[in-house]
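Undergrad: Sequence and computational prediction follow.
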Amino acid sequence: MSAAPLLDVADVHKAYRLPRPRPFAAHGFKPALSGVSFAVIAGRSFGVVGESGSGKSTLARIALALDRPDAGAVRLEGRSLFDLGRRDLRAQRAHMQMIFQDPFGSLDPRMRVERIIAEPLAAQGGVSRAERRARVAAQLQAVGLRPGDAQNYPHEFSGGQRQRIAIARALITRPKLVIADEPVSALDVSVQAQALNLMTDLMRDAGVTFLLISHDLAVVAHICETTAVMFRGKIVEAGPTAALFASPAHPYTRELVDATPRLDRAPKAAAPLSAPPAPASGRGCPYAPRCPQARPRCGEDAPALTEAGEGRRVACWFPLG
Ligand SMILES: Nc1ncnc2c1ncn2[C@@H]1O[C@H](COP(=O)(O)OP(=O)(O)OP(=O)(O)O)[C@@H](O)[C@H]1O
């Protein structure tokens, strides 16, 4: 029997209104997410990878109920976030925290670190000032900073230290789910691994479930047991991370893996991530000859993920629009 998901994202659609309608854009809207579904099991880290513009940040905002989808549902422990009243939504949101990409922009430069980290606690209410102070000090130590750092301002810290502050803030309420959107991409490569290891250790110790969003396969492979690959607002492949990257079944995942630099590989000319060539007939899937599912007409009728062995689910290449 499979475990009930902590977070369940079901058939989510989202389109943004174009500032100026463009030719061929349906009704002046640009789709950002088209039928995205996945489930995050409590205690298991889940990664979403995809190139820039594939819809990752839109997905993060919707998963946190910071933005509404046009259709579909997001459930936290079975409760549909967008059907909740204001107060219940606030209570559910307290179980989720976010770590943003930019450790510079996400910390208010006018606030001392103590206030920044204690903010989610203050928003929850019911915690005395003395307890807030004690918990901030403990959390600072947990992320490798000094309790005395609480009285400093963000500009007094390095990028890596600021991201530690952001991690401390995300964990202070002991949330069930942390959504991290490109948490290390703004950091120097030398401190990326440190920050990732810190995050995984703390999440494991605190029993926090982690939804990690990144364009970087190496980052996701470092942390996540399960990964979904996004391309142009759709999940095209999902499954156990190691198997997915070792033998990608979907042509786009293959392109992504091949384009990822590895130290043990001789340099070769990087192939740009590209849309597949348009099918000659204008119909069907250009990858049909090497389709892992041997469904030559998949582009027309199989946008949904299908089972493809090793616990993996793969979508056929959907015509690009
Ligand atoms: N507020 C907005 N208004 C209009 N279009 C938007 C808005 N936010 C995102 N988009 C568009 O939606 C698509 C998905 O954007 P999103 O930021 O979710 O992608 P992403 O994968 O997170 O990209 P990146 O890694 O570059 O941040 C993009 O084409 C983007 O231009």
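TA: Good, I have the coordinates. Residues are numbered from 1 along each chain as shown.

Undergrad: Setting aside sequence neighbours, what's the nearest residue to Lys14?
TA: Leu33 (4.3 Å; C-beta to C-beta, 6 or more residues apart in numbering). C-beta here means a position set from N, CA and C on the backbone, and glycine is covered the same way.

Undergrad: Please look at the one you found and Arg61 and confirm they touch.
TA: No: Leu33 is beyond contact range of Arg61, at 10.3 Å (criterion: C-beta atoms under 8 Å).

Undergrad: Looking at the two, which one has more neighbours?
TA: Leu33 (26 against 17; other C-beta atoms under 10 Å).

Undergrad: Doesn't that one belong to a helix?
TA: No: counting by DSSP: H, G, I helix; E, B strand; the rest coil, Leu33 falls outside a helix, being strand.

Undergrad: any idea how far Phe46 is from it?
TA: Taking C-beta to C-beta, to the nearest Å as the measure, Leu33 falls 16 Å from Phe46.

Undergrad: One more: Glu77?
TA: Glu77 sits 15 Å away from Phe46, taking C-beta to C-beta as the criterion.

Undergrad: Same drill for those two, tell me which one is more crowded.
TA: Phe46 (27 against 14).

Undergrad: what's near enough to touch that one?
TA: Residues near Phe46 by C-beta atoms under 8 Å, 6 or more residues apart in numbering: 38, 40, 209-212, 224-228.

Undergrad: Report the beta-bridge partners for it.
TA: Under DSSP bridges, the beta-bridge partners of Phe46 are Leu211, Thr226.

Undergrad: Mind putting the contacts of Phe46 into a markdown table with neighbour count?
TA: Formatted as a markdown table, the contacts of Phe46 follow (neighbours: other C-beta atoms under 10 Å):
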| residue | neighbour count |
| --- | --- |
| Phe38 | 23 |
| Val40 | 23 |
| Thr209 | 22 |
| Phe210 | 24 |
| Leu211 | 25 |
| Leu212 | 29 |
| Cys224 | 24 |
| Glu225 | 14 |
| Thr226 | 20 |
| Thr227 | 27 |
| Ala228 | 27 |
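
Undergrad: Dump those residues to a markdown table, plus pLDDT and distance to Pro175.
TA: Shown next, in a markdown table, are the contacts of Phe46 (pLDDT from 0 to 100; distance: C-beta to C-beta, whole Å):
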| residue | pLDDT | distance to Pro175 |
| --- | --- | --- |
| Phe38 | 94 | 19 |
| Val40 | 95 | 13 |
| Thr209 | 92 | 9 |
| Phe210 | 90 | 10 |
| Leu211 | 94 | 11 |
| Leu212 | 93 | 15 |
| Cys224 | 91 | 18 |
| Glu225 | 91 | 19 |
| Thr226 | 94 | 20 |
| Thr227 | 95 | 22 |
| Ala228 | 95 | 21 |
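
Undergrad: Go through those residues and say which is closest to Ser158.
TA: Checking the contacts of Phe46 against Ser158 with C-beta to C-beta, the nearest one is Leu212 at 22.2 Å.

Undergrad: For the stretch 151-300 of the chain, what lies in contact range of the ligand?
TA: His215 (C-beta under 6 Å from any ligand atom).

Undergrad: which element is the nearest residue to Phe157 once chain neighbours are set aside on?
TA: Leaving aside its sequence neighbours, Phe157 sits nearest to Ile165 (C-beta to C-beta, 6+ apart; 6.7 Å). Taking DSSP states H and E as the definition, Ile165 sits inside helix 159-171.

Undergrad: Check the average confidence over that helix, would you?
TA: The predicted model assigns helix 159-171 a mean pLDDT of 88.

Undergrad: same deal with stretch 229-241?
TA: 92.

Undergrad: Just the buried residues of it, please?
TA: Neighbour counts using 16 or more other C-beta atoms under 10 Å place 229-239, 241 of stretch 229-241 among the buried residues.

Undergrad: what do you get for stretch 177-194?
TA: Buried positions in stretch 177-194, judged by neighbour count with 16+ other C-beta under 10 Å: 177-184, 186-187, 191-192, 194.

Undergrad: now swap in stretch 94-107 and tell me
TA: 94-103, 106-107.

Undergrad: Also stretch 109-124?
TA: For stretch 109-124, burial by neighbour count (16+ other C-beta under 10 Å) applies to 112-114, 116-121.

Undergrad: centre of the chain versus the helix ranked longest in the chain, how much separation?
TA: In the chain, taking DSSP state H as the definition, the longest helix is helix 189-206. Centre-to-centre, helix 189-206 and its host chain are 16 Å apart (C-alpha atoms, centre = their mean, to the nearest Å).
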